[in-house]
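Participant: structure of the sequence below:
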Amino acid sequence: MVRYPDCDFVMHRLPNNGSLLRFRFAAVLILLKWPLIPGSLGFLLYALVLERAGLIYSALGVSALTVLMFIIQWLVATKCRCPLCVGLPLCNTGAMRNRNARRLFGSYRLRVAQSIVMQGHFRCPYCGESTAMEVRERGTRRRSRR
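Facilitator: Here you go, the predicted structure:
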């Protein structure tokens, strides 16, 4: 656990570099998802109004990439677990959230993703504990020979 000098609380750390990269990748995909949905729908509507075949195919391609990004984000986010409660802070699991969990534009996941990308730590909406976007140090234990 890490105690930061400017904070009065203790932060947990992630177990390895793989989980750190998964959290950051899933957070970036969640943040990209929000503007990409209306953008791709607007582009598709614009292409249908102009009735140009090339634009319609491009808009369908952008929509397909958006759906593909949703699937990749979901697959990556299901592997991101809170190191304390083993909950999925970047997925909507339907589990009971902490009473102090906060939303951003009505979404708990968006709040966690924004916190990961902008602040370098997040507070789990399920257990309410803070986790730093750092890998915990492994202590070298000496085994006694018997």
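Participant: only C-alpha atoms from now on, for both contacts and neighbour counts.
Facilitator: Fine.
Participant: most centrally placed residue in the protein?
Facilitator: Among the residues of the chain, the one closest to the centroid is Ala27, at 3.0 Å (CA atoms, centre = their mean).
Participant: give me the nearest residue to that residue, chain neighbours excluded.
Facilitator: Nearest non-adjacent residue to Ala27, counting by CA to CA, 6 or more residues apart in numbering: Ala113, 4.3 Å away.
Participant: distance of the one you found relative to Leu55?
Facilitator: Counting by CA to CA, to the nearest Å, the gap from Ala113 to Leu55 is 32 Å.
Participant: these two: who's more crowded?
Facilitator: Ala113 (26 against 16; other CA atoms under 10 Å).
Participant: and the more buried one, that one's in a helix?
Facilitator: Yes - secondary structure of Ala113 (DSSP: H, G, I helix; E, B strand; the rest coil): part of a helix.
Participant: how much space separates it from Val76?
Facilitator: 13 Å.
Participant: next: Ile37.
Facilitator: 19 Å.
Participant: between those two, who's got more neighbours?
Facilitator: The neighbour comparison of Ile37 against Val76 (other CA under 10 Å) goes to Val76, with 21 against 14.
Participant: mind checking the SS state of that one?
Facilitator: The three-state assignment at Val76 reads helix, by three-state DSSP.
Participant: next, the buried residues of stretch 115-125.
Facilitator: By 16 or more other CA atoms under 10 Å, the buried positions in stretch 115-125 come out as Ile116, Val117, His121, Phe122, Arg123, Cys124, Pro125.
Participant: end to end, how far does that stretch reach?
Facilitator: For stretch 115-125, the end-to-end distance is 12 Å (CA to CA).
Participant: going forward, the N-terminal residue is numbered 50.
Facilitator: That works, and once the first residue is 50, the last one we named lands at stretch 164-174.
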